[in-house]
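Trainee: Quick one, structure for this:
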Amino acid sequence: MTAAGCRWGVSWDLETPLYFAPSPGFVENLTLKRSNAHDIAAAECMNARENVGMMDITGFSRYEVTGPNAPAWLDRWVVSKLPGPGRARLAPMLAENGRLKGDLTLFNWGDGNWRIMGSHCLRAWHLRWFDDHLDESVSVHDLGEESCGFGLTGPNSRKVISKLTDEDIGSLPFMGCGGFGTGLVRAKVGRMSVAGEPGYEINCRYGDHIKLRRMLSEAGAEFDLREYGSNAMLSVRLEKSFGIWPAEFTQLYIPGETGLDRWIAWDKGEFIGKAGAIAERDGNGPSRKLVTLEVDADDADASGYEPVWPGSEIVGFVTSGGYGHAIQKSLAMALVDTGSANEGQALSVHIVGKERPARVIATSLYDPQGSAMRG
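Mentor: Below is the predicted model of the structure:
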């Protein structure tokens, strides 16, 4: 990946790709404003939207859950309903007081095995939490040093993976999952995409990582496959108003203010944190709300924790920000007082020492119906 131009950053204790430089001699001019890598991220974004992009997804925690009581155990702390065989589902987790404990994805492989994927930075924390709540007939195995992979994103993603498997990958529905022979690699595949495009997450053993990358790169050459990094991922997720841990979601927040309450299955049985979540729902509601802002910026974008206000009184703060290359707007997600969260609300944000006008806009400005990633 370094030979292909990768410039590396760090996510907690893990080295992760930031972007792929077009020439070996490229040197980024590090700045609080938009650097000379801005256009590189733009090209990576647009290729992932129009053709197919490939991103290393090693930077997720992975846990395997097995045992006769695994479904009941999972159902006790997952706020959503469990996915059926061959399906995946977003699965927020709450603490006993109803505050957020995790933003996870749950996979049901249909053979009695389950997999949980979450934020790499919470790996040790989640393992302790699982251990504290574990049943005798349930086993949780940390796959953090055993499983990794790549994600394909874009309208040509299915064409690439179809070249490497004799199995009917086209029959896999959105948020479906299964085991597929991918070239010489037996992979666990989920059909999903943080970018909001058609996409697949292909998980393999650590020892197959190099081989998988080579096969995907060769199969994708005719479809203009290009690798992309976290700079481009920030852009495409902001265009979809997709929050992440630990920016939009942390253990300090409650489901209603972040929008994660939409995943709560209120009609299911007891689960950890249900009483606190009901108290929030049936009370006066959250005092803050997560919103998306369009910012009138020219040479710099919000990055996080910039104050937000409509006048002289601070009403919230930015959780993350960047530039949406497909829609060509400076964007930010922010947690603001409910009274300032209405669409069209005029606000302002300080960015690198300058006050910039901003306004609350509709969430998911790019493909708001989500038709692209379901297509």
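Trainee: Is Asp131 part of a helix or strand, or is it coil?
Mentor: Counting by DSSP: H, G, I helix; E, B strand; the rest coil, the backbone at Asp131 sits in helix.
Trainee: which residues touch the closest residue to Gly67 other than its chain neighbours?
Mentor: Leaving out its chain neighbours, the residue that sits closest to Gly67 by CB to CB, 6 or more residues apart in numbering is Val138, at 4.2 Å. Placement of C-beta: from N, CA and C, glycine included. By CB atoms under 8 Å, 6 or more residues apart in numbering, the residues touching Val138 are Val65, Thr66, Gly67, Asn69, Ala70, Trp73.
Trainee: which one of those is nearest Ile244?
Mentor: Val65 (22.8 Å; CB to CB).
Trainee: Filter the contacts of Val138 down to the ones in helices?
Mentor: Among these, the members found in helices (DSSP state H) are Ala70, Trp73.
Trainee: Let me have the contacts of Val138 in CSV, extended by distance to Leu100, pLDDT and neighbour count.
Mentor: Formatted as CSV, the contacts of Val138 follow (distance: CB to CB, whole Å; pLDDT from 0 to 100; neighbours: other CB atoms under 10 Å):
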residue, distance to Leu100, pLDDT, neighbour count
Val65, 20, 98, 22
Thr66, 26, 97, 15
Gly67, 26, 96, 18
Asn69, 25, 96, 13
Ala70, 23, 97, 21
Trp73, 20, 97, 20
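Trainee: so which of the contacts of Val138 comes closest to Gly220?
Mentor: With CB to CB as the yardstick, the closest approach to Gly220 among the contacts of Val138 comes from Val65, at 32.5 Å.
Trainee: I'd like the distance between that closest one and Gly353.
Mentor: 48 Å (CB to CB, to the nearest Å).
Trainee: Give me the most central residue, this structure.
Mentor: Central residue of the chain (CA atoms, centre = their mean): Val194, 4.9 Å from the mean position.
Trainee: on that earlier part again, for the residue nearest to Gly67, phi and psi?
Mentor: Main-chain torsions, Val138, degrees, to the nearest 10: phi -130, psi 140.
Trainee: Gly259 contacts Gly243, doesn't it?
Mentor: Yes: counting by CB atoms under 8 Å, Gly259 touches Gly243, with 7.4 Å between them.
Trainee: Need the residues touching each of the two.
Mentor: By CB under 8 Å, 6+ apart, the residues touching both Gly259 and Gly243 are Leu290.
Trainee: And those two? Which one has more around it.
Mentor: Counted by other CB atoms under 10 Å, Gly259 and Gly243 do not tie: Gly243 has more neighbours, with 21 against 17.
Trainee: quick one: that one and Phe249, what's the gap?
Mentor: For Gly243 relative to Phe249 (CB to CB), the value is 6 Å.
Trainee: Find the residues that touch each one of these two.
Mentor: Common neighbours of Gly243 and Phe249 (criterion: CB under 8 Å, 6+ apart): Asp103, Thr258.
Trainee: who's sitting farthest from the centroid in the chain?
Mentor: In the chain, by CA atoms, centre = their mean, Ser312 is the one farthest from centre (34.0 Å).
Trainee: State the distance from that residue to Glu355.
Mentor: Applying CB to CB to Ser312 and Glu355 gives a distance of 11 Å.
Trainee: Please apply the same query to Arg123.
Mentor: For Arg123 relative to Glu355 (CB to CB), the value is 39 Å.
Trainee: Isn't Gly273 up against Ala95?
Mentor: Yes: under the criterion of CB under 8 Å, Gly273 makes contact with Ala95 at 5.8 Å.
Trainee: So what's the residue count around Val79?
Mentor: 26.
Trainee: In the stretch 151-300 of the chain, what residue spans correspond to strands?
Mentor: With DSSP state E, counting those that start in this stretch as the criterion, the stretch 151-300 of the chain has strands at 177-182, 185-190, 199-205, 225-227, 288-295.
Trainee: For Gly178, report the pLDDT, please.
Mentor: Looking at Gly178, its pLDDT is 97.
Trainee: give the contact list for it.
Mentor: Gly86, Trp109, Gly110, Leu172, Lys188, Val189.
Trainee: Make JSON lines from those and add pLDDT, distance to Val349 and neighbour count to it.
Mentor: Below are the contacts of Gly178 laid out as JSON lines (pLDDT from 0 to 100; distance: CB to CB, whole Å; neighbours: other CB atoms under 10 Å):
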{"residue": "Gly86", "pLDDT": "98", "distance to Val349": "44", "neighbour count": "17"}
{"residue": "Trp109", "pLDDT": "97", "distance to Val349": "44", "neighbour count": "17"}
{"residue": "Gly110", "pLDDT": "96", "distance to Val349": "47", "neighbour count": "15"}
{"residue": "Leu172", "pLDDT": "97", "distance to Val349": "41", "neighbour count": "19"}
{"residue": "Lys188", "pLDDT": "97", "distance to Val349": "41", "neighbour count": "22"}
{"residue": "Val189", "pLDDT": "98", "distance to Val349": "40", "neighbour count": "24"}
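Trainee: Closest one of these to His133?
Mentor: Closest to His133, out of all of the contacts of Gly178 and judged by CB to CB, is Trp109, at 22.1 Å.
Trainee: Compare Gly273 and Ala95 (neighbour count), which wins?
Mentor: Shown here are Gly273 and Ala95; by other CB under 10 Å, Gly273 has more neighbours (22 against 15).
Trainee: Quickly note the distance from the more buried one to Phe130.
Mentor: Taken as CB to CB, the span from Gly273 to Phe130 is 15 Å.
Trainee: before we move on, what about Gly178?
Mentor: Taking CB to CB, one finds Gly178 at 25 Å from Phe130.
Trainee: Kindly report the same for Gly84.
Mentor: With CB to CB as the criterion, Gly84 and Phe130 are 23 Å apart.
Trainee: joint contacts of Gly273 and Ala95?
Mentor: Lys101.
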